[in-house]
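Peer 1: Sequence plus predicted model, see below.
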Amino acid sequence: MIKVQSEDFNQQVEYNRLRKDPSVGAVVTFSGLVRDINQGEQVSTLTLEHYPGMTESSLAEIVKQAESRWNIIDCTVIHRIGELQLLDQIVFVGIASLHRQDAFAACEFIMDYLKTQAPFWKKETNAQQQSYWVDARDSDQEALNKWTDK
Amino acid sequence: MIKVQSEDFNQQVEYNRLRKDPSVGAVVTFSGLVRDINQGEQVSTLTLEHYPGMTESSLAEIVKQAESRWNIIDCTVIHRIGELQLLDQIVFVGIASLHRQDAFAACEFIMDYLKTQAPFWKKETNAQQQSYWVDARDSDQEALNKWTDK
Amino acid sequence: MIKVLFFAQIRDQLATSELQMASDENSSVQALLSNLKARDDKWNRVLSNTRLMVAVNQTICNDNVDLHSGDEVAFFPPVTGG
Amino acid sequence: MIKVLFFAQIRDQLATSELQMASDENSSVQALLSNLKARDDKWNRVLSNTRLMVAVNQTICNDNVDLHSGDEVAFFPPVTGG
């Protein structure tokens, strides 16, 4: 299931949905949250812009790639858009699988690709009410290497 | 926080506790569940035996190692003991960190070490009410290699 | 016609979110980019960013992709979601 | 005295969960194991399992560790929690 939405999501509801199938032995979840300090600035709000249409299709393509590489029973990706506050949930990726190795790898793979391939852009507002676009992190680009070396 | 208990745990409560600190940007959780089929047998109940005292100290040592290798803001490990039913939660590992790489690595590391170093033993009862001890999986032993090669 | 979209900093810097270009003079992403850069110094500078990303019909690609009438081309900076 | 504990299959197969051994004749895990195996065929067979794990004072170790009075030694099969 892939959702791009401005509303918040309930991590418990998503977790419970992923553990329903009796063959599931492992559930790994990732949640990304709005931090107080980013790239040295005190963050007050975060606004997420996206490319409607492409956002959904790029996430679907990333999930399809993960499903072709690992044995996944169920997968959920939720990404929020619009204005978020400190401590808010930004993104959720949850994987249900037979064994933990598949769940860990697929969850991290989806996050690494989402961070570099899905068309979302973050604009932060700091404590002085200045707004600026967040810079891409080189470490996110480097994180892809572990999936292509294999 | 490390807990060894017979009662169930609430994944939502644990998740919410991990995301409280405003510096947390990433939360990764692992949940292990009682599967319907294990090593080819239809499972009806699962009983977890442990070595009281050593269980807690071995989990504390594993968490300490993870904390020395990665930047972790908060960490929770809960392992259940006693008789469990199909779909029940067995184990929870949750990591809160600034960035996702630390959270993913620490969570998987703790599970890999827990699976091979913490004194828990599973006894399954199948649909015919036969009880047998679960065999250790070679893949769990092999999973340790990725942490020692580095 | 080709629909051209700009996102995030690129849109802010160009003060343009969308425009239409004739398809015959813009038969590849490279040709389209050259025509856009030729508009003025600002467009030339903004679209010369070496980290500029391009998507054709909502799929990330490089700039030697051919374009056809009805295609949607988007220019944007490195993505920062998640 | 040394406190000796057995868990899971090992305990089931020996029908013993705990016993005390004199510390002077059992000055290492190896010596203790030899004395236990000498009890009878069943003990010899069960404790000869190559995958047998040992913990001294609740820390996993190998069988050349020295033992002292008051130590707690545990024998168990490979763990299967999680």
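Peer 2: Structure's in. What do you need? Owing to the predicted nature of the structure, the values given are computational and were not obtained by experimental measurement. Numbers count the residues shown, from 1 in each chain, chains lettered A, B, ... in the order given.

Peer 1: going forward, measure contacts between C-alpha atoms and count neighbours the same way
Peer 2: OK.

Peer 1: how about the strands in chain A?
Peer 2: Here chain A has its strands, by DSSP state E, at A:2-5, A:26-33, A:37-38, A:41-50, A:74-80, A:82-85, A:89-97, A:120-126, A:131-133.

Peer 1: neighbouring strands for the first one, and are they parallel or not?
Peer 2: The pairing partners recorded for strand A:2-5 under DSSP bridges are strand A:74-80 (parallel).

Peer 1: Contacts for the strand it pairs with, please.
Peer 2: Applying C-alpha atoms under 8 Å, 6 or more residues apart in numbering or on different chains, the external contacts of strand A:74-80 come out as A:1-9, A:14, A:18, A:48, A:59, A:63, A:89-97, C:82.

Peer 1: tell me the contacts of whatever residue of chain C ends up closest to chain B?
Peer 2: Residue nearest to chain B within chain C: residue C:82 (9.9 Å; C-alpha to the nearest C-alpha). Counting by C-alpha under 8 Å, 6+ apart, residue C:82 touches A:32, A:79, A:90-91, A:111, A:114-115, A:120.

Peer 1: Near chain C, which residues of chain A are found?
Peer 2: Within chain A, the positions adjacent to chain C are A:32, A:48-51, A:53-54, A:57-58, A:79, A:90-91, A:111, A:114-122, A:133-136 by C-alpha under 8 Å from any C-alpha of the partner chain.

Peer 1: Buried among these? Make that a ChimeraX selection.
Peer 2: The following ChimeraX line selects those of these that are buried, judged by 16 or more other C-alpha atoms under 10 Å in any protein chain shown:
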select /A:32,48,49,50,51,54,58,79,90,91,111,114,115,116,117,118,119,120,121,122,133,134,136
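
Peer 1: and the longest helix for chain C?
Peer 2: Criterion DSSP state H: the longest helix present in chain C is helix C:29-37.

Peer 1: buried residues in that helix?
Peer 2: For helix C:29-37, the neighbour count (16+ other C-alpha under 10 Å) marks C:29-33, C:37 as buried.

Peer 1: Nearest to chain D among those?
Peer 2: Distance to chain D across those (C-alpha to the nearest C-alpha) is lowest for residue C:29, with 52.6 Å.

Peer 1: Cross-check the contact I'm expecting between the closest one and residue C:64.
Peer 2: Yes. Counting by C-alpha atoms under 8 Å, residue C:64 is a contact partner of residue C:29 at 5.9 Å.

Peer 1: Okay, now the unreliable bits of chain A?
Peer 2: Within chain A, the segments meeting pLDDT under 70 span A:149-150.

Peer 1: center of it, which residue is that?
Peer 2: residue A:91 (4.2 Å; C-alpha atoms, centre = their mean).

Peer 1: need the contact list for it.
Peer 2: Per C-alpha under 8 Å, 6+ apart, neighbours of residue A:91: A:30-33, A:77-80, C:82.

Peer 1: Check residue A:136 too.
Peer 2: Counted by C-alpha under 8 Å, 6+ apart, residue A:136 has contacts C:78-80.

Peer 1: any idea how far the nearest residue to residue A:105 once chain neighbours are set aside is from residue A:27?
Peer 2: Leaving aside its sequence neighbours, residue A:105 sits nearest to residue A:70 (C-alpha to C-alpha, 6 or more residues apart in numbering or on different chains; 7.9 Å). Separation of residue A:70 from residue A:27 (C-alpha to C-alpha, to the nearest Å) stands at 14 Å.

Peer 1: Same question for residue A:2.
Peer 2: With C-alpha to C-alpha as the criterion, residue A:2 and residue A:27 are 17 Å apart.
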